[in-house]
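[1] For reference, the sequence and a predicted model appear below.
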Amino acid sequence: MFWYAGGFQVNRHYWAAMVSIISLLAISLPVQSQIGGWDVGIEFPQEDDSNPFPVREDGSVSIDFFVYNDELLPITVEFAYEIPFDGEGDGPESENIAAGGNKTFTLMVTGVDVWAHQADSKEEFKISVTLISRASIPQPLPETKEATGELQIPRVYSLEVDVSDPVGPMNSGSEMSLQVTVRNIGNVADRVGSIEVSDNCPLLSTDNGLDILTTRDVQSGQSTSANILITASQSHPQRNCDVEVAISSNGAANSGGSEISRDEARITVEPPPADQEDPQDPEGPEDTIEIVSSNLPFISPILTVFLILLAAIGTGKMD
């Protein structure tokens with residue numbers, strides 16, 4: 001069947017083909033030529049695009065974004081994400097947006113190591129949306145639009161305390177010194193807010209040598225140490241005593257939170273040693289009186305005098 005248009009004879013199938021080609025060209029035109037167009041946007045905190053998204057301490061953050069389509073035809077879009085701080089993004093891969101429609105999606109960011117980055121640091125994330133088809137007809141020249149925002153690393157206050165182990169037992173009535181080390185494992189400068197020392201032995205006492213820790217600022221990744229003096233009473237029985245040190249983060253307390261770290265050491269208290277001889281000044285053996293014995297018969301003193309007189313008389317007679 002032929003139609004006459006402007007003096008030309010035109011086949012009906014020819015007109016159908018021309019209409020299809022024109023429709024395809026119209027569908028393939030850039031967004032600017034479509035009525036209303038389409039775009040992507042992000043729902044920022046407090047509806048202010050200058051506000052960053054704060055990352056939680058577990059390294060996660062949730063970002064809501066939307067795609068609207070004010071065109072006369074439905075569209076199909078694909079998504080791509082660029083996540084800073086070595087994080088991972090989990091969001092939709094592709095979606096269909098009806099003509100005149102608006103859809104909201106959630107991008108979940110995880111895996112950000114907030115301890116490995118300086119507190120309050122910011123980096124940009126990007127959401128890319130590519131229009132790949134209109135009315136299920138693929139676009140020869142896919143069109144991509146982007147939306148960007150910032151992620152912000154939170155302030156993480158975290159102190160870790162370590163009490164050194166004793167080198168050996170202590171005796172009743174003696175003293176022992178233990179080293180206490182505080183390390184800042186957070187991502188911002190901090191200091192010790194409060195210190196509590198406790199033990200389970202009533203005759204054990206400690207000094208206040210750890211108070212100096214509350215006056216020192218500790219940078220992220222750094223540590224500081226102080227000594228605590230432990231004294232066992234003279235009457236302390238033999239016993240194992242657990243000495244615990246608990247510290248709090250001053251920065252966390254000032255931020256309305258609470259971060260406490262504890263550690264303990266076990267001390268063995270033994271009775272004092274028994275008295276021992278001084279090896280440097282040993283007592284010498286008592287002097288021994290030597291008695292000399294004889295096999296001669298015993299002569300009494302009277303008999304001795306008598307014999308002397310008898311000898312003298314005999315001598316006189318001889319003269």
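    Cool, got the structure.

[2] contacts and neighbour counts: CA atoms only from here.
    Will do.

[3] Can you give me the pLDDT of A16?
    Note on A16: pLDDT of 54.

[4] Let me fix that, I meant to ask about P202.
    pLDDT, P202: 87.

[5] Would you map the strands across the stretch 201-319 of the chain?
    For the stretch 201-319 of the chain, the strands defined by DSSP state E, counting those that start in this stretch cover 204-206, 223-232, 239-249, 260-270.

[6] Please tabulate the ones you listed in JSON lines, including the columns mean neighbour count and distance to S158.
    Listed next are these as JSON lines, based on neighbours: other C-alpha atoms under 10 Å; distance: least, C-alpha to C-alpha, whole Å:
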{"stretch": "strand 204-206", "mean neighbour count": "18", "distance to S158": "26"}
{"stretch": "strand 223-232", "mean neighbour count": "17", "distance to S158": "12"}
{"stretch": "strand 239-249", "mean neighbour count": "18", "distance to S158": "7"}
{"stretch": "strand 260-270", "mean neighbour count": "17", "distance to S158": "8"}
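
[7] Can you say which of those strands is nearest to D70?
    Closest approach to D70 among the strands of the stretch 201-319 of the chain (C-alpha to C-alpha): strand 239-249, 53.1 Å.

[8] contacts for the closest one?
    Contact partners of strand 239-249, identified using C-alpha atoms under 8 Å, 6 or more residues apart in numbering, comprise 157-159, 161, 163, 190-201, 258-270.

[9] Doesn't M176 belong to a helix?
    No. Counting by DSSP: H, G, I helix; E, B strand; the rest coil, M176 is not found in a helix; it is strand.

[10] and it, how many neighbours?
    Neighbour count for M176, taken as other C-alpha atoms under 10 Å: 17.

[11] And for T144?
    15.

[12] what sits against it?
    Applying C-alpha under 8 Å, 6+ apart, the residues contacting T144 are 128-131.

[13] E259 touches S158, doesn't it?
    Yes. Using C-alpha atoms under 8 Å, E259 makes contact with S158 at a distance of 6.4 Å.

[14] Let me see the contact set for M176.
    Taking C-alpha under 8 Å, 6+ apart, one finds 170, 229-231 in contact with M176.

[15] would you turn the strands of the stretch 201-319 of the chain into TSV with distance to D48?
    Below are those laid out as TSV (distance: least, C-alpha to C-alpha, whole Å):
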stretch	distance to D48
strand 204-206	55
strand 223-232	40
strand 239-249	33
strand 260-270	36
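
[16] Tell me which of the ones you listed sits nearest to T148.
    strand 239-249 (35.5 Å).

[17] Alpha carbons of the closest one, as CSV, please.
    The C-alpha trace of strand 239-249 is given here as CSV (Å, rounded to 0.1, in the frame of the first residue of the first chain):
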residue,chain,number,x,y,z
ARG,A,239,50.5,-15.1,101.0
ASN,A,240,50.1,-14.3,97.3
CYS,A,241,48.8,-10.7,96.9
ASP,A,242,47.3,-9.3,93.7
VAL,A,243,48.0,-5.6,93.1
GLU,A,244,45.7,-4.0,90.5
VAL,A,245,46.2,-0.6,88.8
ALA,A,246,43.2,1.0,87.0
ILE,A,247,43.5,4.2,85.0
SER,A,248,41.0,6.3,83.1
SER,A,249,41.4,8.5,80.0
